[in-house]
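Participant: Sharing a model prediction with you, sequence too.
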Amino acid sequence: MKYLIRTYGCQMNVRDSEAVGALLDAAGHERVAEERDAELVIVNSCTVRDMAERKAIGKCGNLIAMKEGRGKGGETGKVKVVGLMGCAVKRMGADVFKSLPGLDFAVGPRRFGLIPRLVERCLAGERRILEVPDADEVPTGLDAHPDTSRGQSGFACFQSYVTVLLGCDNRCSYCIVPDVRGHEYSRPAREVVAEVAALASRGVREVCLLGQSVLRYGMRNKAWTEADAPSPGGYTEAFPRLLEALNGIDGLARIRFTSAHPKGCTDELVRAYREFPKACRHLHLPVQSGSDRVLAEMGRHYTRAEYLAAIAKLRAFDPEFAITTDIIVGYPGETEADFEETRSLMEEAGFDNAFVFKYSPRPGTRSAALPDDVPTEEKERRDQVLLADQQRRGLARNQKLIGTVREVLLEGPSLRNAARWSGRDSGNRIVVFEPTRKLAIGELVQVKITEAHPQILVGELA
Ligand code: 5AD
Ligand code: SF4
């Protein structure tokens with residue numbers, strides 16, 4: 001069948017969709033770019049905030065309407081099968097069919113390996129199939145990657161996500177992820193190393209290792225076994241040891257990973273950063289709040305001072321080390337004073353970028369029992385204040401890089417201005433420049449920075 005996958009949510013979802021695409025390709029289905037050409041559409045959903053879930057469910061509803069010949073504006077597509085996958089399925093369970101009676105199948109995280117089989121069952125006439133995983137389930141289908149040589153992947157072929165840790169055992173008060181993604185499960189290190197080596201041999205230059213709290217790799221279940229050769233550098237922690245193994249893979253230029261919890265910034269991690277040049281000088285380290293009182297309520301298990309100490313360790317060996325973060329504004333009971341603590345923490349931390357989210361109560365989480373008492377307009381105001389601060393800060397930080405030479409992995413012509421090329425430095429900063437010679441996507445070049453903006457650096461080929 002001609003199929004299309006619509007993805008909402010985080011990188012983990014992007015990666016899951018990629019794997020599903022690869023499985024469908026292997027089963028003989030054909031990827032198309034436009035909804036009106038698709039016979040099978042799968043929506044990969046997110047539920048981290050109410051709005052995210054509504055978008056995915058709304059999209060699914062529109063597709064079902066199209067399938068049933070009641071599309072908006074008389075749209076008639078070719079859609080025959082509509083499926084929903086991902087986090088919202090696990091949250092909603094069988095209720096998903098109350099919201100979406102025309103849905104053909106719904107499959108939660110960790111079970112997407114079943115999708116080709118579910119499609120067959122739908123084609124044989126079955127409807128409303130529900131597959132909801134248990135919290136401890138071992139996933140299937142994770143190692144499927146699109147065959148980029150066929151040129152049909154929507155993803156740049158020199159970069160690849162690699163899921164290493166599923167689920168999350170941190171129990172932050174506001175977060176629904178542990179309920180929907182289940183308990184932590186670390187993929188065996190040997191499997192991860194083999195997967196990255198295979199990707200590198202196919203021309204992948206950069207991998208991004210994914211986990212909700214990726215530095216907890218190998219904590220709940222062992223990732224390394226006695227059968228694995230001991231770490232040459234004497235690393236005892238599973239994640240730094242993984243970096244050591246991946247750093248040795250020929251052809252691979254860069255290793256990124258996300259997301260991280262400050263507790264994972266151990267001395268071994270810092271040593272690994274120092275010793276392994278392929279590990280990118282960037283960490284996405286969500287802080288969520290700058291108020292110790294709010295951090296305690298959230299169950300984050302660190303104080304503002306401990307967070308700042310963690311990033312100081314990273315910047316001690318490389319002052320240009322990029323730190324990005326997530327912030328929640330309007331957590332229950334967040335006062336003006338708490339909010340000002342967040343503002344000052346962001347200034348002290350000197351974040352290179354920040355994503356700000358307005359608190360949204362999620363069913364079943366601890367904080368959902370508290371009154372959602374910060375008014376919407378106030379959440380919006382706090383959001384805007386932090387974004388404006390960050391624009392200023394981002395510009396100031398980028399201005400310090402004028403005159404430096406950045407090593408840039410080329411992603412291709414810039415989306416905004418096709419006369420320029422664009423790529424990223426090790427700190428994940430976007431760098432654009434005029435292509436004064438012939439360039440190839442996936443090439444590493446040196447760019448001298450001449451101009452700074454809050455979100456991008458402009459330079460010339462050095
Ligand atoms: N409301 C608002 N933001 C949330 N996040 C997680 N749960 C919630 C919630 N209930 C944010 C956190 C997290 C990011 C992925 O989403 O900042 O780091
Ligand atoms: Fe959304 Fe979280 Fe699921 Fe990612 S893990 S898709 S952010 S709910």
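Facilitator: On my side now, so go ahead. Ligands and ions are numbered 1, 2, ... in the order given.

Participant: which residue does the stretch 51-200 of the chain bring closest to ligand 1?
Facilitator: The stretch 51-200 of the chain approaches ligand 1 most closely through residue 174 (4.1 Å), counting by CB to the nearest ligand atom. (Each C-beta comes from the backbone N, C-alpha and C, glycine too.)

Participant: ok, and that residue, which helix or strand is that part of?
Facilitator: For residue 174, there is no helix or strand it lies in under DSSP states H and E.

Participant: Next, work out how far apart it and ligand 2 are.
Facilitator: Distance, residue 174 to ligand 2, by CB to the nearest ligand atom, to the nearest Å: 12 Å.

Participant: Now for that residue, how many residues are close by?
Facilitator: For residue 174, the neighbour count with other CB atoms under 10 Å is 23.

Participant: can you pull the contacts of it?
Facilitator: 298, 328, 331, 359, 361, 362, 365, 366, 367 (CB atoms under 8 Å, 6 or more residues apart in numbering).

Participant: Give me the three-state assignment for the last one.
Facilitator: Put simply, residue 367 is helix when judged by DSSP: H, G, I helix; E, B strand; the rest coil.

Participant: That one and residue 360 touch, don't they?
Facilitator: No: contact criterion CB atoms under 8 Å: residue 367 and residue 360 do not qualify, at 10.1 Å.

Participant: So the residue in the stretch 351-462 of the chain positioned nearest to ligand 1, which state does it fall into?
Facilitator: Relative to ligand 1, the nearest point of the stretch 351-462 of the chain is residue 357 (3.6 Å; CB to the nearest ligand atom). Counting by three-state DSSP, the backbone at residue 357 sits in strand.

Participant: show me what contacts the residue lying closest to it once chain neighbours are set aside?
Facilitator: By the measure of CB to CB, 6 or more residues apart in numbering, the closest residue to residue 357 outside its immediate chain neighbours is residue 328, 5.3 Å from it. Going by CB under 8 Å, 6+ apart, residue 328 touches 174, 288, 289, 298, 356, 357, 358, 359.

Participant: From residue 166, how far out is the fifth one?
Facilitator: In this case it means residue 356. When distance is defined by CB to CB, to the nearest Å, residue 356 is 27 Å away from residue 166.

Participant: same deal with residue 344?
Facilitator: 36 Å.

Participant: Looking at these two, which one has more neighbours?
Facilitator: Using other CB under 10 Å as the criterion, residue 344 and residue 166 rank with residue 166 on top: 23 against 13.

Participant: and the nearest residue to the more buried one once chain neighbours are set aside, how many neighbours?
Facilitator: Ranked by CB to CB, 6+ apart and with sequence neighbours excluded, the top spatial neighbour of residue 166 is residue 185, at 4.7 Å. Residue 185: 21 surrounding residues under other CB under 10 Å.

Participant: ok but the residue nearest to residue 357 is inside a helix, no?
Facilitator: No: assignment of residue 328 by three-state DSSP gives strand, placing it outside any helix.

Participant: Next, give phi and psi for the closest residue to ligand 2 within the stretch 201-350 of the chain.
Facilitator: Nearest to ligand 2, among the residues of the stretch 201-350 of the chain, is residue 212, at 6.2 Å (CB to the nearest ligand atom). In terms of degrees, to the nearest 10, the main-chain angles of residue 212 are phi -60, psi -30.

Participant: Quick check, it in contact with residue 259.
Facilitator: Yes: the criterion here is CB under 8 Å, and residue 212 meets it with residue 259 at 6.5 Å.

Participant: Where do the helices of the chain begin and end?
Facilitator: Along the chain, the stretches classed as helices by DSSP state H are 11-26, 50-67, 87-92, 96-99, 115-123, 177-181, 189-201, 238-247, 267-275, 292-298, 304-317, 336-349, 376-399.

Participant: Contact residues of the chain facing ligand 2?
Facilitator: Within reach of ligand 2 by CB under 6 Å from any ligand atom, the chain has these residues: 9-10, 12-13, 46-48, 52, 86-87, 177, 180-181.

Participant: now stretch 221-239: mean pLDDT?
Facilitator: Average pLDDT, stretch 221-239: 97.

Participant: how about the residues of this structure near ligand 1?
Facilitator: So the chain meets ligand 1 at 48, 49, 174, 175, 286, 288, 326, 328, 357, 359, 360, 362 (CB under 6 Å from any ligand atom).

Participant: of those, buried ones?
Facilitator: 48, 49, 174, 175, 286, 288, 328, 357, 359, 360, 362 (16 or more other CB atoms under 10 Å).

Participant: Now the residue of the stretch 251-400 of the chain found nearest ligand 2: closest residue in space that isn't a chain neighbour?
Facilitator: Closest approach between the stretch 251-400 of the chain and ligand 2, counting by CB to the nearest ligand atom: residue 362, at 9.0 Å. Closest residue in space to residue 362, ignoring its immediate chain neighbours: residue 176 at 4.0 Å, by CB to CB, 6+ apart.

Participant: gap between residue 95 and residue 84?
Facilitator: Distance, residue 95 to residue 84, using CB to CB: 12 Å.

Participant: Residue of the stretch 201-350 of the chain closest to ligand 1, please.
Facilitator: For the stretch 201-350 of the chain, CB to the nearest ligand atom, closest residue to ligand 1: residue 326, 3.4 Å.

Participant: Kindly state the beta-bridge partners for that residue.
Facilitator: residue 355 (DSSP bridges).

Participant: hmm, back to that, with neighbour numbers in mind, choose between residue 95 and residue 84.
Facilitator: Neighbours per residue, other CB under 10 Å: of residue 95 and residue 84, the larger number sits with residue 84, 29 against 9.

Participant: If we ignore the residues flanking it in sequence, what's nearest the more buried one?
Facilitator: Distances taken as CB to CB, 6+ apart put residue 106 closest to residue 84, at 4.7 Å, once the chain neighbours are dropped.

Participant: Run through the residues that contact the one you found.
Facilitator: Residue 106 touches 83, 84, 85, 89, 92, 96, 97, 128, 129, 130, 131, 132, counting by CB under 8 Å, 6+ apart.

Participant: repeat that for 7 Å
Facilitator: Going by CB atoms under 7 Å, 6 or more residues apart in numbering, residue 106 touches 84, 89, 96, 130.

Participant: now, which of these sits nearest residue 112?
Facilitator: residue 89 (10.0 Å; CB to CB).

Participant: picking that back up, how far away is the residue nearest to residue 84 from residue 23?
Facilitator: Residue 106 is 17 Å from residue 23, where distance means CB to CB.

Participant: pLDDT weak spots in the chain?
Facilitator: Scanning the chain for pLDDT under 70 picks out 73-75, 148-156.

Participant: I'd say the residue nearest to residue 166 and residue 168 touch.
Facilitator: No: look at residue 185 against residue 168 with CB atoms under 7 Å: they stay out of range, at 10.3 Å.

Participant: So for residue 392, what's the nearest residue that isn't a sequence neighbour?
Facilitator: Looking at residue 392 with CB to CB, 6+ apart, the closest residue is residue 454, at 7.6 Å.

Participant: picking up where we left off before, could you identify which of the helices of the chain is most buried?
Facilitator: Ranked by mean neighbour count under mean count of other CB atoms under 10 Å, those are led by helix 87-92, which reaches a mean of 26.
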